[in-house]
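> can you look at this prediction? I've put the sequence above it.
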Amino acid sequence: MRHTAGMLTIAPDVMDSCIRLVKQVGRFQMKHFRSMPEGADDMKAVRETVSFVDVESEKILMDGLLPMVDGAGFFGEESGKSGSQDLVWVVDPLDGTTNFLSGIDQFCVSVALVENGEPILGLVYKPISGEVFSCVHGHGVFYNGSRTRAVHPSITASDALFVTGFPYRSPDVTTQFFKAAEDVLMLGRGIRRSGSAALDVANLSMGWFQGFWETDLQPYDVAAGILMMRENGLLVTNQNGEPYDLFADRLLVAAMPEVHPAFLEVIARSYSIEE
């Protein structure tokens, strides 16, 4: 079921508190980034360290976020769902875990407050660079504290740089994905794959990419970025061109308004999605 965005009023200090919290988590993560455990010399030990970082990051976030908004529940990648899911913090403590594990610096912390199925606060923090992407429903998107715009009326699909993620969760659409990728490659200037959907959609909301598609994303992957994209005027749909349902749709297709029609046409003809 689709819902109308809630009318919860978010106090100004909530976002400030959230930013301080994700920066605390980022400092913790950076202490372990590209750092082998003492005495360890194998990948198993590194994986265990990354798992520890994931779990501890989420614990810091849960402990810090829950007192900020009365009655809000929690939905985290590591701990799952607890408390109210009508008003809920949706959190990916370390999006881009494989990158983190491999010493690649494309990873982030993603936090969203979701009311009745719709994000009303979004925050993405990239620890390696200190970049902060933030927004509150109806108040626009901020990058490192400055208001942003993403819509460029003169851009076309042929000018677009697209970004995606491989369908490792979706073996039933692998062939369809590569068919779409072939056509998208010919549509625009190229395709990138960063390994962090949360960063991809945050970057798209800035206008640095112009289109994104991926299947079987989890709400915590993109809840924050979806609000950012919508606030900055991008179109965020499923493969049928309908508004993307964070908790139900399998395929996300997002792009700048001038790019979306041609992009969606390519994606729609490549996929046959079973819900």
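Cool, the structure landed.
> against V109, how distant is N232?
Using C-beta to C-beta, to the nearest Å, N232 is found at 20 Å from V109. No exception for glycine: its C-beta is placed from N, CA and C like everyone else's.
> more neighbours: which of these two?
V109 (28 against 19; other C-beta atoms under 10 Å).
> can I assume that one is in contact with Y125?
Yes. With contacts counted by C-beta atoms under 8 Å, V109 reaches Y125, the gap being 4.6 Å.
> how many neighbouring residues does D70 have?
7.
> quick one: secondary structure of it?
D70 carries the three-state label coil when classified by DSSP: H, G, I helix; E, B strand; the rest coil.
> can you give me phi and psi for it?
phi -60, psi 130 (degrees, to the nearest 10).
> could you do F162 as well?
phi -100, psi 160.
> next up, the contacts around the residue lying closest to it once chain neighbours are set aside.
Leaving aside its sequence neighbours, F162 sits nearest to G211 (C-beta to C-beta, 6 or more residues apart in numbering; 4.5 Å). By C-beta atoms under 8 Å, 6 or more residues apart in numbering, the contact set of G211 is 157, 160-163, 184, 188, 204, 253-256, 259-260, 263.
> next, give me the two most distant ones among the residues you listed.
Within those, L161 and V253 form the most distant pair, 15.6 Å apart (C-beta to C-beta).
> between these two, which one's more packed in?
Taking neighbours as other C-beta under 10 Å, L161 and V253 compare with V253 leading, 25 against 15.
> element containing the more buried one?
Counting by DSSP states H and E, the element that carries V253 is strand 251-255.
> contacting residues around that strand?
In this structure, residues lying in contact with strand 251-255 by C-beta under 8 Å, 6+ apart are 160, 201, 204, 210-215, 217, 222, 226, 229, 234-239, 244, 260, 263-264, 267, 271, 273.
> what sits against the residue lying closest to T148 once chain neighbours are set aside?
Once flanking residues are discounted, T148 sits nearest to V141: 5.0 Å by C-beta to C-beta, 6+ apart. Neighbouring residues of V141 by C-beta under 8 Å, 6+ apart: 133-135, 147-148, 150, 205-206, 228, 231-232.
> what's the most distant pair in those?
By the measure C-beta to C-beta, S134 and A150 form the most distant pair in these, at 14.4 Å.
> of those two, who's got more company?
Set S134 next to A150 and count neighbours by other C-beta under 10 Å: S134 wins out with 26 against 20.
> related to what we said a few turns ago, ok, the residue nearest to F162 to F133 distance?
18 Å.
> same deal with D105?
Using C-beta to C-beta, D105 is found at 16 Å from F133.
> now do Y143
From Y143 to F133 the distance is 6 Å (C-beta to C-beta).
> pull up the overlap in contacts between those two.
Counting by C-beta under 8 Å, 6+ apart, the shared contacts of Y143 and F133 are M206.
> so what's G145 up against?
Residues in contact with G145 (C-beta under 8 Å, 6+ apart) are V132.
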